[in-house]
Each structure stands twice: as structure tokens, then as C-alpha cells.
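A.B. asks: Coordinates for the following, if possible.
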Amino acid sequence: MVCQRAQWQSVCRHCLSAFAPQRLRCQRCALALKDGQTECLACDDYPPEFDRALAAVDYTSPWRELIARFKFQGDVALAKPLAMLMTARMKTLPARARPQVIVPTPLSAPRLRERGYNQSWQLARHLSRQTGIPALPQALRRVTDTPRMMTLDADARRHQIRGAFEVNALFRRALVGRHIALVDDVLTTGATVDEITRTLRDAGARSVSVWVVARTPAPGA
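C.D. replies: This is a model prediction of the structure:
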């Protein structure tokens, strides 16, 4: 288990070395590439809607348990060190891949009332402070609530999420022609961020990167 620093201000070097090693990842979907692999076969077969993706770690222990604490158990103090992992990964990208605006994945109103906070916004606000990139927490709205999708396959997720988001008209001009970093906690099938990417592009966004704490490994990885 990752050691517990006072108030979760940071993750220690030992934990980073042991549980968050630098891995070669697909620049399009952030899946870890195997030794000797130069391209992602998944993206060749099913290219995502978004342009590129960044993930700090794989969605495995101990990060899976930490993210669950952060997302479902109210441990929002974890947002800062988790965002620091993402910021460190972002700093390895070339300048041309740096986005102009950060937008968190929105929750539906019922889910926000139930949880009390949007974990994606908690990450996004720390990312904005750490990187200097402005964040627009109200740029997107989730207009339909959907059942939890953790047990659904990719096709079922895509069906459930269709038409679930809209751009707030007050922020449309701030998105037109911009490279947007869409922030979420975990990237699994990509159904949600694909749908949001379509929504952002329809509103005039130039390109969309997906920034997540963790990427679910490919089956059998």
C-alpha cells in the first residue's frame, strides 16, 4: 500500500518508484505498450474520438484503492497528490501538446448531490494551479443521468452515454478553436470521453486531450 503522508500533500519517492514507474504509452489512448511495441493495436482497430491521452499510472493496486477512497469515500485530500502525478506526466510532453483550457468531466445533478463533490473538478482545480492552465468547471453540463457503467462493456457504455452532455452556452466562445484537456479520474473503455469529445468538437473545439490519473490496462496485460 502507498505510504500515508501527512494530509496527503505528496506521494513519496519510494512509492513513485515502486508503484508509478515511467511506462511507454500510446500517445492516442494512453494504454501501456509492451516491450518492443511501437504502436497501439487497439487504436488501429478502434481509434478514439479524442486526439491524445495522458495517464499517470495504470489502474491497478494501490492506485485503484486510492482512487476509490478519493471518489467514493470523500477523501478529497487525495486530489492534490493525484493531480501532482498528472502534472509530472504532463511536463514530459512537448510544448505543442500543451492544452489551452482544462475542463472537468461533469457529474449529473443527482450524482453530484449524492457524492457531494465532483472528483474530476477536484483534480482539475489542482491541475490548473500546478500548470497555470485556466480551468472552466462550468463549461460542460451532464443533462441526463445514467446508471453506473462500471459493469457494462464498451458497446453498452456508448449506448448509455449518447447525448448525455452539452456545452454551457456562456462558455462556448472560450472553447472555440482551443485545445482542451478533458480531465477525469480513470479511462476505461473511453465511451464517456468519446461522447464529450464529440460534444466539444460540435461546439468548435480544435482538439481534445484526455487527462486521467489512471488507465485501465488492456485485457490480458
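A.B. asks: Backbone dihedrals for Val103, please?
C.D. replies: The phi/psi pair for Val103 (degrees, to the nearest 10) reads phi -130, psi 120.
A.B. asks: I should have written Glu195 there, sorry.
C.D. replies: phi -70, psi -40.
A.B. asks: ok, now which ones touch it?
C.D. replies: Applying Cβ atoms under 8 Å, 6 or more residues apart in numbering to Glu195 gives the contacts 49, 158, 161-165. For every residue, glycine as well, the C-beta is placed using N, CA and C.
A.B. asks: where does the chain dip in pLDDT?
C.D. replies: Along the chain, segments meeting pLDDT under 70 span 1-21, 38, 147-154, 220-221.
A.B. asks: residue ranges for the helices of it, please.
C.D. replies: Assigned by DSSP state H, the helices in the chain fall at 13-19, 41-45, 63-72, 79-90, 109-115, 119-131, 154-161, 172-175, 191-202.
A.B. asks: buried residues in the second one?
C.D. replies: By neighbour count, with 16 or more other Cβ atoms under 10 Å as the criterion, the buried positions of helix 41-45 are Ala42.
A.B. asks: so Gly163 makes contact with Thr144?
C.D. replies: Yes: with contact defined as Cβ atoms under 8 Å, Gly163 reaches Thr144; the gap is 6.8 Å.
A.B. asks: residues touching the nearest residue to Ile67 once chain neighbours are set aside, list them.
C.D. replies: Distances taken as Cβ to Cβ, 6 or more residues apart in numbering place Asp185 nearest to Ile67, at 5.7 Å, with adjacent residues excluded. Contacts here follow Cβ under 8 Å, 6+ apart; on that basis Asp185 touches 67, 70-71, 82, 119-120, 123, 212-214.
A.B. asks: what do you get for Ala97?
C.D. replies: By Cβ under 8 Å, 6+ apart, the contact list for Ala97 reads 52, 209.
A.B. asks: Report the separation between it and Leu127.
C.D. replies: Counting by Cβ to Cβ, to the nearest Å, the gap from Ala97 to Leu127 is 15 Å.
A.B. asks: Arg111 now?
C.D. replies: Here Arg111 is placed at a distance of 21 Å from Leu127 (Cβ to Cβ).
A.B. asks: The two: which has the busier surroundings?
C.D. replies: For Arg111 versus Leu127, neighbours defined as other Cβ atoms under 10 Å are more numerous around Leu127 (25 against 14).
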